[in-house]
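J.: here's my sequence, what's the structure:
(2 chains)
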Amino acid sequence: KAGVTQTPRYLIKTRGQQVTLSCSPISGHRSVSWYQQTPGQGLQFLFEYFSETQRNKGNFPGRFSGRQFSNSRSEMNVSTLELGDSALYLCASSTRAGDSGANVLTFGAGSRLTVL
Amino acid sequence: DAKTTQPTSMDCAEGRAANLPCNHSTISGNEYVYWYRQIHSQGPQYIIHGLKNNETNEMASLIITEDRKSSTLILPHATLRDTAVYYCIVRVDYGGATNKLIFGTGTLLAVQP
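T.: Next up, the predicted model:
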């Protein structure tokens, strides 16, 4: 079956712009999580959605937001981009919310954002 | 902060077993040990997980010490394609847990020809 699909794979923006990234989870997966990966900070949790509800949020400023649709697809948005937002943004999906037993996350290939 | 400690890097000869250690001395009774790996510029890939018993799947084996304070991931016959950063993660799997994973710096495994 198809894996986690993230679009776009690469994009370049300038400071002050905003960006929207999309994630289509594996069919049947209702949980979507987002992570940011930078050389300096490594992999950091952004937020998590299950059945259109945000269940957890990482320590990121309010410029980072997300949502999940009824078909489980998710988007994240970063407004007023800063140079430090340049990163690989990864989406992961799973079948269950985290509190329902052992749970495996399947990651997409990521969206690489460059802010100039 | 990550609750695990791993060596920064390791080398392994192709065809030999790769043994990647992980310390998780503060692990709680309801926390599982998960291993993921990330090949350069790709998303992390799940490898294996366990609670207290040793586990094996088609990719690897996971050996957890009796006191659960450390574990070892074993790739029985490493290939060049196994060169990646390997992350050891502990997480609660029930009772209010979420899908938030806290990644440490991982171990860069370099498989040498």
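
J.: in its sheet, which strands sit next to the worst-scoring helix or strand of chain A on mean pLDDT, and in what direction?
T.: In chain A, no helix or strand scores lower on mean pLDDT, DSSP states H and E than strand A:53-57, which sits at a mean of 89. The pairing partners recorded for strand A:53-57 under DSSP bridges are strand A:42-50 (antiparallel).

J.: now do the strand it pairs with: distance to the chain's middle.
T.: 7 Å (CA atoms, centre = their mean, to the nearest Å).

J.: coming back round to it: now the next helix-or-strand element following the least confident helix or strand of chain A against strand A:42-50, angle please.
T.: From strand A:53-57 onward toward the C-terminus, using DSSP states H and E, the following helix or strand is strand A:64-68. On the basis of axes from the mean of the first three to the mean of the last three CA atoms, to 10 degrees, strand A:64-68 is oriented at 40 degrees to strand A:42-50.

J.: so the residue minimising distance to the centre of chain A, which of the three states?
T.: Nearest to the mean C-alpha position of chain A, by CA atoms, centre = their mean, lies residue A:34 at 2.9 Å. Classification of residue A:34 using DSSP: H, G, I helix; E, B strand; the rest coil returns strand.

J.: which ones are touching it?
T.: A:23, A:45-48, A:66, A:74, A:76, A:89-92 (CB atoms under 8 Å, 6 or more residues apart in numbering or on different chains). In short, each C-beta sits where N, CA and C put it, glycine included.

J.: considering the residues you listed, which possesses the most neighbours?
T.: residue A:91 (30 neighbours; other CB atoms under 10 Å in any protein chain shown).

J.: in contact with it, which residues?
T.: Here residue A:91 is in contact with A:4, A:6, A:21, A:23, A:25, A:32-35, A:74, A:76, A:107-108, A:110 (CB under 8 Å, 6+ apart).

J.: just residue A:74 next, same as before
T.: A:22-23, A:25, A:32, A:34, A:49, A:66-68, A:91.

J.: what's the closest non-adjacent residue to it?
T.: residue A:32 (4.1 Å; CB to CB, 6 or more residues apart in numbering or on different chains).

J.: my read: that neighbour touches residue A:75, true?
T.: No. Judged on CB atoms under 8 Å, residue A:32 makes no contact with residue A:75 at a distance of 9.7 Å.

J.: closest one of the contacts of residue A:91 to chain B?
T.: Nearest to chain B, judged by CB to the nearest CB, of these is residue A:107 at 3.2 Å.

J.: list the contacts of the residue nearest to that closest one when sequence neighbours are not counted.
T.: Computed as CB to CB, 6+ apart, the closest residue to residue A:107 that is not its neighbour in sequence is residue B:43, at 3.2 Å. Residues in contact with residue B:43 (CB under 8 Å, 6+ apart) are A:4, A:90, A:92, A:107-110.

J.: again, only using 6 Å
T.: A:90, A:107-110 (CB atoms under 6 Å, 6 or more residues apart in numbering or on different chains).

J.: and the closest residue to residue B:5 other than its chain neighbours, how many neighbours does it have?
T.: Closest residue to residue B:5 apart from its sequence neighbours, by CB to CB, 6+ apart: residue B:23 at 4.3 Å. Number of residues near residue B:23 (other CB under 10 Å) recorded here: 16.

J.: the closest residue to residue B:69 other than its chain neighbours: which element?
T.: In space, and not counting its chain neighbours, residue B:69 is closest to residue B:25: 4.5 Å by CB to CB, 6+ apart. Using DSSP H and E, residue B:25 sits in no helix or strand.
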